[in-house]
Each structure stands twice: as C-alpha cells, then as structure tokens.
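Trainee: coords please:
(chains A and B)
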Amino acid sequence: MNLSKLDLDMLDAIADLKDVPDGALNIRLNGAAVIRQSSPNISVGSNPDGTGLLVEIKPGTKNESVHVPVVLTQPGLQDKVYNTFIVGEDADATIIAGCGIHNDSHAISRHDGIHEIIVKKGAKLKYLEKHYGEGSQEGKRVLNPTTVITVEAGASAELEMVQIKGVNDTIRSTIAHVHEKGSLKIVERLLTQEEQKAESDIKIYMEGTGGAAQVLSRAVAQGKSFQLFRAALIGQAACVGHVECDAILMDNARIRSIPELQAENAEAVLTHEAAIGKIAGEQLIKLMSLGLTEKEAVDTILEGFLR
Amino acid sequence: MLKLENICMQVSNDHGETIEILKGLNIQFEKGKVYAVTGPNGGGKTSIAKVIMGIYRHNKGHIYLEGEDISELSITDRALRGIGYAFQQPPRFKGLTIKDVLSIASPEADLLRIRTYLRDVGLCPEDYLDRDLGAGLSGGEIKRIEMAQLLLRGPQISIFDEPEAGVDLWTIQKLLGLIVSRYKNNPNKTAVVITHNENIIPICDEIIVIDGGIVKAQGPPKEIWHLIKDDIECKVRNQCQGDVIYELK
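Mentor: Here you go, the predicted model:
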C-alpha cells in the first residue's frame, strides 16, 4: 500500500520513519493494519481474538527492532487495539511504538492502545513510544495508552514514553511487575498546552529479591493545561526503587504530582523526589547573556528539559 | 572602549527603604587591558558587572560602548554587541549538555574548538561534552565550564566574576594565564576580573577598588597596592579557602 504524504509525516513525527523500513513492522492506519511484515527473528501477527497484534521476539535475538506505529487521520475515529509483545529469553531488542492523530474535524478522534509486554528471563528491552496530535479544527485528539509489563528474573527493560504535543486528553496507565534481579526504568516526558489534560498513573510492583526500578518524569505544562502524575513503587521484596518527577509550570497551567512509596519488606529501599516550579530567572538571564532572546532562551530550556 | 558615566543604582529592601548600591560611578575600560575590580563584600562589584550586562538596571547615568549609549538595551542586545559575563554562581540546566551550552555561547565554533576550550579550563572533553549541566557536576566544574563559555565566546568586553571561587589553585593559575594571554595588549578586547584574590591583582593592568558603591581608588597595581597598604589602610578581615577579603577604611 502506498502511504500518503500526511501518513508519512505522521510516521516521521512519532517514529522517525521517513519511509517504510525493512524488518519487522506493523503500521496501523485508521483502525486497520496496512503494512505488516515479520523478520526471521521477530514474528508479527494477529492475536488469537483478532483485536490486535502478537509480536514474538525469538530467544537470543540481538540488536533487532520492531516498529508498530499507529496513525489516525480519519476524523472522528474511535480506535482500540490490544497488542502483546513477548521478548524471548536473553534477547536484546527495541520496540518502537507511538501514535499520531491528525484530526481536521470537529469530532473526537481517539486511540486506546493496550499493550502487554513480557520480557523473559535475561532479556533486554528498550521500548519507545511517542504520542503526537495535530489538526486545524476543534475536534479533540485523545490518546489513552495502557501498558502492562512483566520483567522476569534477570531481565531489564527501559520504557521511554513521550507526548510531544497536540494531544488534548490523555490518560496513561502503566503497571509493571519486576521479578528477581529484574530491572525497569521508565522515562516519561509530557508537554501539555492550551486547555489540554494529561493524567499518568504508574504502579510498579517489585516482587523479586534484587529487583530495581526507576521512574524519571519530566513535565512541562503551559497555557491552561492540567497534568496529574501519580507514581507508586510497591516494594514486596528486598529491592531498590526511586521516583523522580520534575515539572516546569508556565502561564496559568496546573500540575499535581503524587509520588507514592509502599514498602512491604524491611529490605526494600524506596526513595522519591519531586519538584514543580517555573523556569528559573537565572537560567533565562544566563542564556540571554549568551545572545539568545527571551523566547529562544525559554525554548532552549524546555527542549533540553524534555529531551 | 566601555565607559560608565555617573552610574547610580538604587534598590528597595524588605522594609521598603531605598538603598543606594552604586553612587555615581565613573569608570572607563580601555581595550587591550585587564582590569581587576576589588573591594569588600557588598561594596558593589557584582552590581557593576550586572549593570553593564543589563541584568540590573541603573537609575541614573549612561553606559557607552564604543560611543553608543547602550543603557536602554536588553541583555540579549548587549550580548550581541560584544559584552559577556561569566557568572559568580552559574545556574545549572537539566537536560542541556555542556556541548549544548558551549555551542550556544559560540554558534560558529566547531567541535574541535569546543574541545580545545574545555581542555583549556582543565576538563577532559571526552568525559564532559555530553554530560548534563545539572546537579551531577561540582561547583568547581560548573565554574570552569562558565569560564570556558566566556573564553570561547570571546566578546569585546569580558567580565569574569570571581573566577577563583570554587576553583582549585592549579586551575585558577591556568585560567589567569589564559585571560592575560588573550586580553592583555589585545587591541580589540578588554577583560574585567572581579576578585578578592590578591594573587590576581599584580597580573592586571589596573585595579579599581570599589567600596560603598563608589570608586575608592583606581590605577596600576604598584600604585594602588601602595595606597591600599599605606594610605587607605588595608586590613585582612577574613581569610577562607585562599580568598582574602579586605576591609577598607
């Protein structure tokens, strides 16, 4: 199938794809898979009930990736998908997900992506997910991702979840189970503008001895937008966990940040730090003293903060 | 040439009272010279630097750069006209790397040049270029990066605010050598070093002693050193980590 310029622009925005790449891939356009291909080590197929994908990465696969972007350009479409990813034992792979909505109508376009990820023993996963919205009319762009991840013994996973801009409403839910000597890092970067709303709820159950989890959240709220961030670390074994949430607040925006630590084992070491504030005046002055205008200085600070 | 003419600056304190920080300053900074601005804490040294950079606004008087009155210009416009300031306590940036900030300081500088300037301030480029200019760096490292920014940018008027603060003795000697070699007798540039360190004073062409918001003395080090010692009476009030602070009477 030939993708339109709009489709390709959206793919570029969410997955840095300039063209259809080789290797494992599934492009979902307006509620249906339009391009699907597997590689020798990564199979991409439908799940048994036909509601989404089953992606299986063979044990021992090294340095391979699979792209599974979703694009909505049909106005008013309500799309829901259930995807399952299984990263085989001792594999080392990257999953590039992401969703872009282009909505030029007055109707709501919405995508709910429910991802279950299983990182098998000793495997290593990097998961990238970018969300982006655009449109010339008042029709809302809504993205509600749910991610349930299991990190098995000795496995590690890094989830990088980014909402670039243009998404009116989002409710993000992330639930993780980290087993013995498993390691999980979640990096979340969110930008909200105008009257957008974003809610992120992260729960990490650290179930195995020697597990480690880290949540790094960077948020910028502009205009009259609102963000709610909750991150709970539940230490059920001897483990180490840390939550760090930093937010820059601008204009008349609001941010509510709620880190939560729940220790159910005396050997669990859980920490958190949270900070919300405006851009420091001294940072602006410093960059202006290097020749940037105030707007350029603000943009530079925000770009770095959300990088 | 940079000329401060009758510069006055007032601020309000927490009780709403007006306090005069600078009281009719007249100073002329010539090209090809390195100036030391010294004096007791709270005397107005950093205020002068910030007034020149446009960070603080003066209430009276004029600032001329090459004959142009720049008093009403923004920080950005002054920077673009050739004024630079290395902060006494530089801010940190989450997410911006050292390479990012040095590239902003000098957009035309290539990576080779950036690496050279990092080495000049005693930092190994391989270890530092991609590091975040955030909480992971020590105060001394941040200070050296601040110096590298100003040296790399190389503006016509370069103001170094207490370059010695937080920097080890070996590095400060090297930094002073760089300032002298790049500014002394340079027909296009002027360096202003705000300092409490008596070791810096002799290497400068002129000393300006600021106390109580006025110029107490100005001249070549030999003359001023004599004045400080014999006529003004210099008394070591405090000595801490190599910094000497003088009390002028």
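Trainee: From here on, just use CA atoms for contacts and neighbour counts.
Mentor: OK.
Trainee: can you pull the contacts of A:E188?
Mentor: Going by CA atoms under 8 Å, 6 or more residues apart in numbering or on different chains, A:E188 touches A:E160, A:M161, A:V162, A:V215, A:L216, A:S217, A:R218.
Trainee: quick one: which of those is nearest chain B?
Mentor: A:R218 (9.9 Å; CA to the nearest CA).
Trainee: CA-only coordinates of stretch A:294-302 in PDB, if you can.
Mentor: Output in PDB follows, covering the C-alpha atoms of stretch A:294-302 (Å, rounded to 0.1, in the frame of the first residue of the first chain):
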ATOM      1  CA  GLU A 294      14.000  35.600  25.900                       C
ATOM      2  CA  LYS A 295      11.800  33.400  23.700                       C
ATOM      3  CA  GLU A 296      14.800  31.500  22.400                       C
ATOM      4  CA  ALA A 297      16.000  31.000  25.900                       C
ATOM      5  CA  VAL A 298      12.700  29.600  27.000                       C
ATOM      6  CA  ASP A 299      12.500  27.300  24.000                       C
ATOM      7  CA  THR A 300      16.100  26.100  24.600                       C
ATOM      8  CA  ILE A 301      15.400  25.300  28.300                       C
ATOM      9  CA  LEU A 302      12.200  23.400  27.500                       C
END
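Trainee: where in the chain is pLDDT low?
Mentor: All of this is about chain A. Scanning chain A for pLDDT under 70 picks out the ranges A:1.
Trainee: To clarify, I was referring to chain B.
Mentor: In chain B, residues with pLDDT under 70: B:226-249.
Trainee: Residue 64: how many residues sit nearby?
Mentor: Using chain A. Using other CA atoms under 10 Å in any protein chain shown, A:E64 is surrounded by 16 other residues.
Trainee: not quite, I wanted chain B
Mentor: Neighbour count for B:Y64, taken as other CA under 10 Å: 16.
Trainee: Beyond the helix or strand harbouring it, next helix or strand please.
Mentor: Take DSSP states H and E as the rule and B:Y64 turns out to sit in strand B:60-65. Proceeding N to C from strand B:60-65, the next assigned helix or strand is strand B:68-69, under DSSP H and E.
Trainee: Following element in sequence after that following strand, please.
Mentor: According to DSSP H and E, the helix or strand after strand B:68-69 is helix B:75-81.
Trainee: List of residues touching that next one?
Mentor: A:I285, A:M288, A:S289, A:L290, A:G291, A:L292, A:T293, A:E294, B:M53, B:G54, B:I55, B:I70.
Trainee: and B:I207, which of the three is it?
Mentor: Of the three states, B:I207 takes strand under DSSP: H, G, I helix; E, B strand; the rest coil.
Trainee: quick one, phi/psi of the residue nearest to A:A263 when sequence neighbours are not counted?
Mentor: Closest residue in space to A:A263, ignoring its immediate chain neighbours: A:G235 at 4.7 Å, by CA to CA, 6 or more residues apart in numbering or on different chains. Backbone torsions of A:G235, given as degrees, to the nearest 10, read phi -90, psi 110.
Trainee: Walking through the chain, point out its helices one by one.
Mentor: Picking chain A for this. In chain A, the helices defined using DSSP state H lie at A:5-15, A:281-288, A:294-305.
Trainee: Chain B, not that one
Mentor: Listed in chain order, the helices found in chain B under DSSP H are B:45-53, B:75-81, B:98-105, B:111-120, B:125-128, B:139-153, B:169-183, B:221-226.
Trainee: re earlier: most neighbours among the contacts of helix B:75-81, please name it.
Mentor: That'd be A:L290 among the contacts of helix B:75-81, by other CA under 10 Å, with 31 neighbours.
Trainee: contacting residues around the residue nearest to A:A263?
Mentor: A:G235 neighbours (CA under 8 Å, 6+ apart): A:Y205, A:M206, A:E207, A:G241, A:L261, A:Q262, A:A263, A:E264, A:N265, A:A268, A:V269, A:L270.
Trainee: So which of the helices of chain A is nearest A:K124?
Mentor: With CA to CA as the criterion, A:K124 lies closest to helix A:5-15 of the helices of chain A, at 20.3 Å.
Trainee: helices and strands around the closest one, which ones?
Mentor: strand A:70-72, strand A:99-102, strand A:124-134 (3 or more CA pairs under 8 Å, 6 or more residues apart in numbering or on different chains; DSSP states H and E).
Trainee: who's the spatially most central residue of chain B bridged to?
Mentor: Nearest residue to the geometric centre of chain B (CA atoms, centre = their mean): B:F160, 2.3 Å. Assessed by DSSP bridges, B:F160 has beta-bridge partners B:A86, B:V193.
Trainee: circling back: nearest approach to A:K224 belongs to which of the helices of chain B?
Mentor: Comparing these by CA to CA, helix B:75-81 comes nearest, at 28.9 Å.
Trainee: From chain B, how far off is the residue lying closest to A:E195 once chain neighbours are set aside?
Mentor: Nearest residue to A:E195, sequence neighbours excluded (CA to CA, 6+ apart): A:S225, at 4.4 Å. Using CA to the nearest CA, to the nearest Å, we find A:S225 at a distance of 22 Å from chain B.
Trainee: Equivalent analysis for A:A32, please.
Mentor: Distance, A:A32 to chain B, by CA to the nearest CA: 38 Å.
Trainee: For burial, what's the neighbour tally of that residue?
Mentor: 15.
Trainee: Also the one 3 residues further on?
Mentor: Each residue near A:I35 was counted by other CA under 10 Å, and the total is 15.
Trainee: Spit out the contact partners of it.
Mentor: A:M1, A:L25, A:N26, A:I27, A:R28.
Trainee: isn't the third one right next to A:H67, touching?
Mentor: Yes. The pair formed by A:N26 and A:H67 meets the contact definition of CA atoms under 8 Å, at 6.3 Å.
Trainee: Distance of B:N197 relative to chain A?
Mentor: For B:N197, the distance to chain A - CA to the nearest CA - is 25 Å.
Trainee: quick one on the thing from earlier: doesn't B:V193 make contact with the residue nearest to the centre of chain B?
Mentor: Yes. If you go by CA under 8 Å, B:F160 and B:V193 touch, sitting 4.8 Å apart.
Trainee: For stretch A:78-91, which outside residues touch it?
Mentor: A:30-31, A:47, A:51-62, A:93, A:108-125, A:155.
Trainee: Could you rerun that using 7 Å?
Mentor: A:31, A:51-62, A:109-124 (CA atoms under 7 Å, 6 or more residues apart in numbering or on different chains).
Trainee: cool, and stretch A:210-225?
Mentor: A:178-197, A:238-254, A:306.
Trainee: Ok, stretch B:130-144 next?
Mentor: B:P90, B:R92, B:F93, B:K94, B:G95, B:L96, B:T97, B:I98, B:K99, B:V121, B:G166, B:V167.
Trainee: what about 10 Å?
Mentor: Stretch B:130-144 is contacted from outside by A:304, B:86-101, B:118, B:120-123, B:125, B:128, B:145-149, B:162-168, B:171-172, B:175, using CA atoms under 10 Å, 6 or more residues apart in numbering or on different chains.
Trainee: Among these, name the buried ones.
Mentor: For the contacts of stretch B:130-144, a burial check counting by 16 or more other CA atoms under 10 Å in any protein chain shown picks out B:86-101, B:118, B:120-123, B:125, B:128, B:145-149, B:162-167, B:171-172, B:175.
Trainee: count of residues packed around B:W225?
Mentor: B:W225: 18 neighbours (other CA under 10 Å).
Trainee: Please apply the same query to A:F229.
Mentor: 18.
Trainee: How much space separates it from A:K121?
Mentor: If you measure A:F229 against A:K121 using CA to CA, to the nearest Å, the figure is 30 Å.
Trainee: next one: A:N47
Mentor: 23 Å.
Trainee: which one of those two has more residues nearby?
Mentor: Between A:N47 and A:K121, A:K121 has the larger neighbour count (other CA under 10 Å), namely 22 against 14.
Trainee: Would you list the phi and psi of B:G42?
Mentor: Dihedral angles for B:G42 - degrees, to the nearest 10 - are phi 80, psi 10.
Trainee: tell me the contacts of it?
Mentor: With CA under 10 Å, 6+ apart, B:G42 has these contacts: B:I21, B:I210, B:D211, B:G212, B:G213.
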